[in-house]
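Asker: structural data only, the sequence is not supplied:
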């Protein structure tokens, strides 16, 4: 207990006026609020999908099919050889490892490689056709 009595203080909170910068940030936050809410919803959905994907991958690696790890080793080794052969150009460093890993993967998984090649070929054809149409429309104008 205090030996002396203290005078009663009457405090009052006074909010300082907002600066121009604070007002601008406030307007920006209010304008962006619908978009940030949408991004938060998309983040929750994406996080759930990623969680499912990684949990399935973990389960797969716990009980892999027969011969999975040796195949994975050969495919990874092909990528390392690609990096070794791709000295010099940055383009080579992208193309050689990916190409050698793709070749090694297609040796072990031929049906999936054919399916991917068909889809990729169709997509490549569609993109080239769209590019041709765009260039042709620019040329005619």
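Answerer: Received it, and whenever you're ready, just let me know what you need. The structure presented is a predicted model; accordingly, all values stated were derived computationally and were not measured. Residues are numbered from 1 along each chain as shown.

Asker: please count neighbours and contacts with C-alpha atoms only from this point.
Answerer: OK.

Asker: show me which helix runs longest in the protein.
Answerer: Taking DSSP state H as the criterion, the chain has its longest helix at helix 20-62.

Asker: give me the distance between the two termini of stretch 82-89.
Answerer: Between the opening and closing residues of stretch 82-89 we find a distance of 13 Å, counting by C-alpha to C-alpha, to the nearest Å.

Asker: how far does whichever helix or strand residue 133 is part of sit from the chain's center?
Answerer: Residue 133 is located in helix 110-140, with elements delineated by DSSP states H and E. The gap between the average C-alpha position of helix 110-140 and the chain average comes to 23 Å, counting by C-alpha atoms, centre = their mean, to the nearest Å.

Asker: what helices and strands are in contact with that helix?
Answerer: helix 90-108 (3 or more C-alpha pairs under 8 Å, 6 or more residues apart in numbering; DSSP states H and E).

Asker: any idea how far the nearest residue to residue 113 once chain neighbours are set aside is from residue 117?
Answerer: For residue 113, the nearest residue in space outside its immediate sequence neighbours is residue 106; the separation is 5.3 Å by C-alpha to C-alpha, 6 or more residues apart in numbering. According to C-alpha to C-alpha, residue 106 and residue 117 sit 10 Å apart.
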